[in-house]
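**Student:** Would you be able to build a 3D model of this:
(chains A, B, C and D)
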2 protein chains.
Amino acid sequence: MIIARPYTEALERLKSMGLRPTRQRMALARILFEAGDRHITAEQLHTESQAANVRVSLATIYNTLHQFTEVGLLNEVVVEPGRSYFDTNVSNHHHFYNEETGELVDIRAESIRLDALPESPEGTDVRRVDVIIRVRSAG
Amino acid sequence: MIIARPYTEALERLKSMGLRPTRQRMALARILFEAGDRHITAEQLHTESQAANVRVSLATIYNTLHQFTEVGLLNEVVVEPGRSYFDTNVSNHHHFYNEETGELVDIRAESIRLDALPESPEGTDVRRVDVIIRVRSAG
DNA sequence: ATAGCTGCAAATGCTTTGCAAGGCC
DNA sequence: GGCCTTGCAAAGCATTTGCAGCTAT
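**Tutor:** I've put the predicted structure just below:
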């Protein structure tokens, strides 16, 4: 049943993470994951779900984005004070950030050679290394 | 006149950047720059200036931090949604960020070898490269 | 049945703004 | 004097929370 595959995929994705496949989560999962890698804000996701005739409150959007992030379905990217981006690409990678347009572009991890990382401070473990290349329109 | 030197330094720092040396800016400049490299939030600076018996409104703290950043006296560091850190070290360097304590620690630029940076997207110039090593208490 | 979700609206937290009063050149 | 600064209070945004009602298992 070809037509049912996206539905099944979203369902399995949620169940495998121990999240109940509610109507809202299913709809958001499909918007987020069916279109390949993307970077999205809560507000954008809210707008998209309304455009898709899915009624989901902003509060639920936030809850869902954070739950997805906690279980590893999303990555939160912090590039600007006062606005969070969520990245559907959870593999190890980095970002270009256009400060004028707000656009994020993925950089494959292998495209940057990170050498000679210093030791983390006493009593701490490295959780993640984020490289953000901030760009602007060429002048 | 040894005693006057910190005052003179702050004065020159502001004047050379084309900022009027007002009472508030002078006081904040001294708090920020006399203690060596530091990472501070608007709220922290507000608290410190009150502790130093300097009356400065929060609005002015924000204005001043942004003005200082614009003229290159400070660097803004974005590590967490909803909170901005300002770094008195404006040289090229990177950061450890402890997600539990909120503490930032400088990493000298030479401590990280960044190779093979990819080309920035069509029509854009690189403005800055930020490396943030996110750490947590060792488990 | 019941533990977990959702939605709404109110609350929060940080930051910005409008505007009158004050201060530097 | 004139223009830049400041302070206050109010407004603005993105995000979070409390709680009553709903829903998946």
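**Student:** Mind listing the residues bridging to the residue most central in space within chain A?
**Tutor:** Per CA atoms, centre = their mean, the C-alpha nearest to the average position across chain A is that of residue A:87, at 2.0 Å. Listed beta-bridge partners, residue A:87: residue A:39, residue A:75 (assigned using DSSP bridges).
**Student:** next one: residue A:104
**Tutor:** residue A:97.
**Student:** Give me the pLDDT value at residue A:117.
**Tutor:** According to the per-residue confidence, residue A:117 scores 88 in pLDDT.
**Student:** and the closest residue in space to it that isn't next to it in sequence, what is it in contact with?
**Tutor:** Distances taken as CB to CB, 6 or more residues apart in numbering or on different chains put residue B:112 closest to residue A:117, at 6.2 Å, once the chain neighbours are dropped. The C-beta positions use only the backbone N, C-alpha and C, and glycine is treated the same way. With contact taken as CB atoms under 8 Å, 6 or more residues apart in numbering or on different chains, residue B:112 is in contact with A:114-118, B:94, B:131.
**Student:** what's around residue A:135, how many residues?
**Tutor:** 23 (other CB atoms under 10 Å in any protein chain shown).
**Student:** Tell me the spacing between it and chain B.
**Tutor:** 4 Å (CB to the nearest CB, to the nearest Å).
**Student:** Residue A:115 now?
**Tutor:** To chain B, residue A:115 is 4 Å away according to CB to the nearest CB.
**Student:** With residue A:98 instead?
**Tutor:** As for residue A:98, its distance to chain B is 6 Å (criterion: CB to the nearest CB).
**Student:** again, but for residue A:64
**Tutor:** 16 Å.
**Student:** Regarding the closest residue to that residue other than its chain neighbours, which helix or strand does it belong to?
**Tutor:** The shortest distance from residue A:64 to any non-neighbouring residue, by CB to CB, 6+ apart, is to residue A:28 (5.3 Å). Residue A:28 is located in helix A:23-33, with elements delineated by DSSP states H and E.
**Student:** Check which residues of that helix are buried.
**Tutor:** A:24-33 (16 or more other CB atoms under 10 Å in any protein chain shown).
**Student:** Around chain B, pick out the residues from chain A.
**Tutor:** Residues of chain A lying near chain B by CB under 8 Å from any CB of the partner chain: A:76, A:78-84, A:96, A:98-99, A:105, A:107, A:111-118, A:120-121, A:123-139.
**Student:** who touches residue A:75 in this structure?
**Tutor:** Applying CB under 8 Å, 6+ apart to residue A:75 gives the contacts A:69, A:86-87, A:89-90.
**Student:** go on, residue A:88?
**Tutor:** A:32-33, A:36-40, A:73-74.
**Student:** how close does it get to residue A:104?
**Tutor:** In this view, residue A:88 and residue A:104 are 11 Å apart by CB to CB, to the nearest Å.
**Student:** thinking again about what came up before, can you tell me which of the residues of chain A next to chain B are buried?
**Tutor:** A:78-79, A:84, A:96, A:98, A:105, A:107, A:112, A:114, A:120, A:124, A:129-136.
**Student:** mind checking the backbone torsions on the residue in chain A that DNA strand C sits nearest to?
**Tutor:** For chain A and DNA strand C, the shortest gap (CB to the nearest atom of the strand) falls at residue A:60, measuring 2.9 Å. Phi and psi for residue A:60, reported as degrees, to the nearest 10, are phi -70, psi -40.
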